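>>> Build me a model:
(one chain, ligands or ions: 3)
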Amino acid sequence: MRSTTGWRAQDGALVQAAITRRDLRRDDIAVRVDLCGVCHTDLHALHSHDGGVLVPGHEFTGVVLEVGPDVTRFRHGDAVAVGNIVDSCGECDMCAAGQENFCRAYPTLTYGGTDRHDGTTTLGGFSREYVVREKFAYPLPSGLDPAAAAPLMCAGITVWEPLRALDVGPGTRVAVAGLGGLGHLAVKLAAAMGAEVSVVSRSADREAEAIKLGARDLVVSTDAASVAASRDRFDVLVDTVPVPHDVSPYLRLVAMDGTLSQVGHLGSMTVETLDLLVGRKKLSSGGSGGVPATAAMLEFCAEHGVAADVEVLPSARVGEALDRLGRGDVRHRFVLDLSDLD
Ligand SMILES: NC(=O)c1ccc[n+]([C@@H]2O[C@H](COP(=O)([O-])OP(=O)(O)OC[C@H]3O[C@@H](n4cnc5c(N)ncnc54)[C@H](OP(=O)(O)O)[C@@H]3O)[C@@H](O)[C@H]2O)c1
Ligand SMILES: [Zn+2]
Ligand SMILES: [Zn+2]
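Ligands and ions are numbered 1, 2, ... in the order given. Below is the predicted model of the structure:
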């Protein structure tokens, strides 16, 4: 076993704790985690934590410390990025199609997952070291800043897949609801794909920010007149709102034959079917991305200069980051610098 340090959930907070990592398997790499983004999913996980070992964090960049004997794509010292999936069965139709995120045998999540070999619970990237199968690690393109790139590995890929699957490109009218971690990357990615992008936010005073990110304008979700003025306007609406909400106002913004892609973790929800019927609208979702899509997303981001807007904090301030994330006080992603764990 390898020993390291991380931030473990205890009584609703995160406390510094010694944790262990497995010895390297033949196709494993050990990564020194330098920078890990703070995702709203980490907050959901903390809120629903019922006692098991929980170390959050599933979008990180770092440096390869050591490689197993069968590793071919990495060497000691390489810059690397890891997202929210660290393994899959490799045999089902989804895995064969490069959609490991939809593995029929369930993908192994970066934290809170169950290791396919030893049955242990996976512990996330709010730690100084992580051991991962090389297949689920990605070379970090040299043009990308390691802090700004970390959030691409969950927030970025989660919005990339639906944008790609829904053929977003020049001329597509895209709306992004919720201007947080996922939302701001959806705006940047859709704009870089050539789409006409709008933001749907609760606050009118976020318009300048939305435009700076690449949007043309802002629809205020809490203002009936603003919503009515954009009725049936968007081919694609990516909804990143992290709390259960009425999707009717958002569906009304979608154009005929358009799609609302709901990516927030919301549990069950109720939909008024008339909101789908009128205009043959589609309700969809997505979650994370497969290996080929993640590699393509990183390449696209390096080429187009897309990365997250981040506020980097020493990892000891993780509690403050989570509090502020819960209050929506983040522009647009917190990233923890784990070097203070040395
Ligand atoms: N499907 C997946 O694989 C996947 C992956 C990652 C995350 N997620 C989920 O996606 C959601 C978003 O994550 P995130 O990290 O982007 O969160 P985030 O940074 O907190 O951003 C969420 C945004 O939604 C809006 N919002 C917040 N509270 C709201 C409320 N009560 N009502 C209406 N709008 C509200 C805010 O934007 P405005 O101020 O502009 O309104 C906020 O910036 C979470 O549920 C997360 O768990 C899913
Ligand atoms: Zn996430
Ligand atoms: Zn599979």
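>>> Around ligand 2, which positions in the stretch 101-250 of the chain sit nearby?
Cys154 (CB under 5 Å from the ion). The way it works is simple: take the backbone N, C-alpha and C, and place the C-beta from them, glycine included.
>>> Might you name the residue of the stretch 101-250 of the chain sitting closest to ligand 2?
Residue of the stretch 101-250 of the chain nearest ligand 2, by CB to the ion: Cys154 (3.3 Å).
>>> hmm, stretch 71-91 touching ligand 1?
No: using CB under 6 Å from any ligand atom, stretch 71-91 never reaches ligand 1; the gap is at least 6.8 Å.
>>> Tell me the buried residues in that stretch?
71, 74, 78-88 (16 or more other CB atoms under 10 Å).
>>> Using CSV, write out every CA atom in it.
Extracted as CSV, the C-alpha positions of stretch 71-91 are listed here (Å, rounded to 0.1, in the frame of the first residue of the first chain):
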residue,chain,number,x,y,z
VAL,A,71,2.1,1.2,-19.1
THR,A,72,2.9,2.6,-22.6
ARG,A,73,1.4,6.1,-22.8
PHE,A,74,3.0,7.8,-19.7
ARG,A,75,6.4,8.2,-18.2
HIS,A,76,7.6,9.6,-14.9
GLY,A,77,7.2,13.4,-14.9
ASP,A,78,4.4,13.6,-17.6
ALA,A,79,1.6,16.1,-17.0
VAL,A,80,-1.7,14.3,-16.7
ALA,A,81,-5.4,14.9,-16.3
VAL,A,82,-8.0,12.6,-14.7
GLY,A,83,-11.8,12.9,-14.6
ASN,A,84,-14.7,11.3,-12.9
ILE,A,85,-14.4,7.8,-14.2
VAL,A,86,-11.4,5.5,-13.5
ASP,A,87,-12.4,2.2,-14.9
SER,A,88,-15.2,0.2,-16.7
CYS,A,89,-15.8,-3.4,-17.8
GLY,A,90,-14.2,-2.9,-21.2
GLU,A,91,-16.4,-5.6,-22.7
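>>> for it, the distance to its chain's centre please.
Chain-centre distance of stretch 71-91: 17 Å, with CA atoms, centre = their mean, to the nearest Å.
>>> how does this protein divide up, domain by domain?
Domains of the chain are assigned by automatic domain parsing as 2-153+291-300+307-341, 156-285.
>>> Wait, Thr222 touches Arg202, no?
Yes: the criterion here is CB atoms under 8 Å, and Thr222 meets it with Arg202 at 5.2 Å.
>>> Which of the buried residues of stretch 71-91 fall within strands?
Secondary structure from DSSP state E places Ala79, Val80, Ala81, Val82, Ile85, Val86, Asp87 of these in strands.
>>> Nearest to ligand 1 among these?
Distance to ligand 1, by CB to the nearest ligand atom, is smallest for Ile85 among these, at 9.5 Å.
>>> In contact with the closest one, which residues?
Contacts for Ile85 (CB atoms under 8 Å, 6 or more residues apart in numbering) come out as Glu100, Asn101, Pro107, Thr108, Leu109, Thr110, Phe136, Ser288.
>>> got a list of what the nearest residue to Asn84 once chain neighbours are set aside touches?
Spatial nearest neighbour of Asn84, chain neighbours left out: His58 (3.8 Å); criterion: CB to CB, 6 or more residues apart in numbering. Contact partners of His58, counting by CB under 8 Å, 6+ apart, are Cys39, Thr41, Asp42, Gly83, Asn84, Leu109, Thr110, Tyr111, Gly124, Gly125, Met153, Cys154.
>>> go with 6 Å
Asn84, Thr110, Tyr111, Gly124, Cys154 (CB atoms under 6 Å, 6 or more residues apart in numbering).
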